[in-house]
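**Student:** Make a model of this:
(chains A and B)
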Amino acid sequence: MSNKLVIYNTLTRKKELFEPLNPPFVGMYVCGPTVYSDVHLGNCRTFVSFDLIYRYLLHLKYKVRYVRNITDAGHLEGDRDEGDDKFSKKARLEQVEPMEIVQRYTIGFHDVMNLFNTLPPSIEPTATGHIAEQIEMIKEIIENGFAYEKNGTVYFDVEKYSKDHNYTILTNRNLEELLANTRDLGGQDEKHGRLDFALWIKAKSEHIMRWPSPWGWGFPGWHIECSAMSSKYLGETFDIHGGGMDLAATHHTNEIAQSQACNHSQPAKYWMHTNMLTVNGARMSKSAGNGFLPHELFTGSHPLLSRGFSPMTVRFFMLQAHYRSTLDFSNEALEASDKGFKRLMAAYGLLGKLKTSERSEVDVAAIRERCYDAMNDDFNSPIAIAELFEAVRIINSIYDGKTAATAQDVAALKSLMDDFVFDILGLKEEHAQTEDISHIMDFIIQLRHEAKLSKDYVTSDKIRNGLQALGIQLKDGKEGTTWTKA
RNA sequence: GGUCGGAUGGCCGAGUGGCUAGGCAGAGGUCUGCAAAACCUCCUACAGCGGUUCGAAUCCGCUUCCGACCUCCA
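**Tutor:** Got it, this is the predicted structure:
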């Protein structure tokens, strides 16, 4: 089952059998955040999606080198290849050093990624740490004739490149129309062509983040960092390059052009793009002002939410949609995921309490098979989750004594849940302190049980209601009482 | 304006030609001191109009609506 993985490749616009260039090694590069402000939930979705992909590749026993960059320099405000980079602007607003901005939001990003239980990448390189590599790459591109310098700024020559290469290979757009439709940049434009983009940008006198280069003091353009760092750590051609769908048309298109112009090869065999998180049908984005910040979600302070939702609820919510579909974010949808996630985890908690028999009425292997089929089909986590709920139904039914299962069945159920719920979907129990109070809960449940035996329902209900108020729910079953945290 | 992608039951969301996921919500039932939980049953939808086919949510055409990209954004 592990060798039938199929991945949708943006490059070819179809699903392809995944065949790594050098198995069992897999190189995966994902465009990381630009750390000039807090990550919002839309950003998080992309990284959760690639975490799922990373985890599944690891589960299939691939030796994955997962590289995800931190963009901490060179990201301009507008499209004119002039003016401030985002860090300088933010730093000036807050009257701090640009690198303080970088530090603050890098830490914040890592904190949020931890809350979402994403595995850290193997390498997390920064743009500022790879200025030399970027300069070398730019020199090579100039040497190969695909870039030109103008007043200390270096531009990539798209028209020249497109004579021998398919510039729009990733998005299949018509280059002629693109040239015709691109906005007129005005009179004093330094670029030869409208689609040309900056590889290196001359620093103005007030610009703090600057480095020396063959073209004077300046800083790198946005796209070159990913090309330089991915080839440094993964080679000139590697297996998977990923990022949000919004990056395909510009950032990734330019990355491909840069790599081709420098190395004469496609940087990645498979291009994967995750879809957007929407709010009321519109894309969540920083500039649109409809971005949810993770803490607004966890605390419920956002006006669209009735209460807070935990990181695992949100992760589960994201995984209930396929990574290539848009996902609409709403209070109602989160409530549904919250209930479903708790139900899933509650069933897992029952696994140690199941009575086994000699008979078997369940086929766990078939469920496992279907979970693999789903994941092998371009990481279809929603279907895998649907199958896991079949396992949940079976577990509950065994617990109720309505379905017979052998000890092997129960072990298989546990192994299924361990593999898929925890290792692959990356979910986790949210109340780690549960174990610490379990013996106390056993004691309280025993007290209540005694009260019930003597038909002292006033006391038993008082215990139940009191615990409910503390966020602990008791569940009376045939085999005794269990409890869960709300 | 150009390019691309969507429109699935009350909500979220899978599904690419017949067997009509799943979660949540709703209805009934079983269990229970009661409740909750759990289990069982039900609610059986594919924007509209044509066409292809023995058969279409799924393929084709047209219409309407929505979104993304084309400009910084995961």
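
**Student:** what mean pLDDT does stretch A:138-157 have?
**Tutor:** For stretch A:138-157, the mean per-residue pLDDT is 94.

**Student:** mind saving the C-alpha coords of that stretch as CSV?
**Tutor:** Extracted in CSV, the C-alpha atoms of stretch A:138-157 (Å, rounded to 0.1, in the frame of the first residue of the first chain):
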residue,chain,number,x,y,z
ILE,A,138,22.2,36.3,-9.5
LYS,A,139,25.7,36.6,-10.9
GLU,A,140,25.2,33.3,-12.6
ILE,A,141,21.9,34.4,-14.1
ILE,A,142,23.5,37.6,-15.4
GLU,A,143,26.3,35.5,-16.9
ASN,A,144,23.9,33.3,-18.6
GLY,A,145,22.3,36.4,-20.1
PHE,A,146,18.9,36.4,-18.4
ALA,A,147,19.3,39.4,-16.2
TYR,A,148,20.6,42.9,-16.4
GLU,A,149,21.7,45.6,-14.0
LYS,A,150,20.4,49.1,-14.0
ASN,A,151,21.5,51.7,-11.4
GLY,A,152,22.4,49.2,-8.8
THR,A,153,19.3,47.1,-9.3
VAL,A,154,19.3,43.8,-11.1
TYR,A,155,16.3,42.6,-13.1
PHE,A,156,15.3,39.3,-14.5
ASP,A,157,14.7,39.5,-18.3
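
**Student:** Buried ones in that stretch, by neighbour count?
**Tutor:** Under the neighbour-count criterion of 16 or more other Cβ atoms under 10 Å, stretch A:138-157 has A:138-139, A:141-142, A:146-149, A:153-157 buried. Any C-beta I mention is one placed from the backbone N, CA and C, and that applies to glycine too.

**Student:** Quick one: name whatever helix or strand follows the helix or strand bottoming out on mean pLDDT in chain A.
**Tutor:** Each helix and strand of chain A was given a mean pLDDT (mean pLDDT, DSSP states H and E); the minimum falls on helix A:175-181 at a mean of 69. The helix or strand immediately downstream of helix A:175-181 is strand A:197-202, counting by DSSP states H and E.

**Student:** Just list what that following strand packs against, helices and strands only.
**Tutor:** On a contact count with 3 or more Cβ pairs under 8 Å, 6 or more residues apart in numbering; DSSP states H and E, strand A:197-202 meets helix A:131-143, strand A:153-156, strand A:218-220, helix A:222-234.

**Student:** What's the mean pLDDT across that strand?
**Tutor:** Mean pLDDT, strand A:197-202: 92.

**Student:** what does the stretch 151-300 of chain A put close to RNA strand B?
**Tutor:** Contact residues, the stretch 151-300 of chain A versus RNA strand B (Cβ under 7 Å from any atom of the strand): A:171-174, A:177-178, A:181-183, A:222, A:243-251, A:274-278, A:281-288.

**Student:** What is the burial count for the closest residue to RNA strand B within the stretch 101-250 of chain A?
**Tutor:** Per Cβ to the nearest atom of the strand, A:G244 is where the stretch 101-250 of chain A lies closest to RNA strand B, at 1.8 Å. One way to gauge burial is a neighbour count; for A:G244, by other Cβ atoms under 10 Å, it gives 22.

**Student:** Show the contacting residues for A:R324.
**Tutor:** Going by Cβ atoms under 8 Å, 6 or more residues apart in numbering, A:R324 touches A:8, A:273-275, A:378.

**Student:** Highest neighbour count among the residues you listed?
**Tutor:** Comparing the contacts of A:R324 by number of neighbours (other Cβ under 10 Å), A:T274 comes first, having 27 neighbours.

**Student:** So it sits against A:S49, correct?
**Tutor:** Yes - here A:T274 lies in contact with A:S49, judged by Cβ atoms under 8 Å, at a distance of 4.4 Å.

**Student:** between the buried residues of stretch A:138-157, which is nearest A:W217?
**Tutor:** Sorting those by distance to A:W217 puts A:T153 at the head of the list, at 11.4 Å, by Cβ to Cβ.

**Student:** My understanding was that that closest one contacts A:D196; is that so?
**Tutor:** No - counting by Cβ under 8 Å, A:T153 does not reach A:D196; the two are 10.5 Å apart.

**Student:** thinking again about what came up before, which residues sit in contact with the residue of the stretch 101-250 of chain A closest to RNA strand B?
**Tutor:** If you count contacts by Cβ under 8 Å, 6+ apart, A:G244 has them with A:31, A:42-43, A:46, A:273-274, A:276.

**Student:** TSV for the residues you listed, including secondary structure, pLDDT and distance to A:L354?
**Tutor:** TSV is the format used below for the contacts of A:G244 (DSSP: H, G, I helix; E, B strand; the rest coil; pLDDT from 0 to 100; distance: Cβ to Cβ, whole Å):
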residue	secondary structure	pLDDT	distance to A:L354
A:C31	coil	94	45
A:G42	helix	90	41
A:N43	helix	92	41
A:T46	helix	94	38
A:H273	strand	93	42
A:T274	strand	93	38
A:M276	coil	90	42
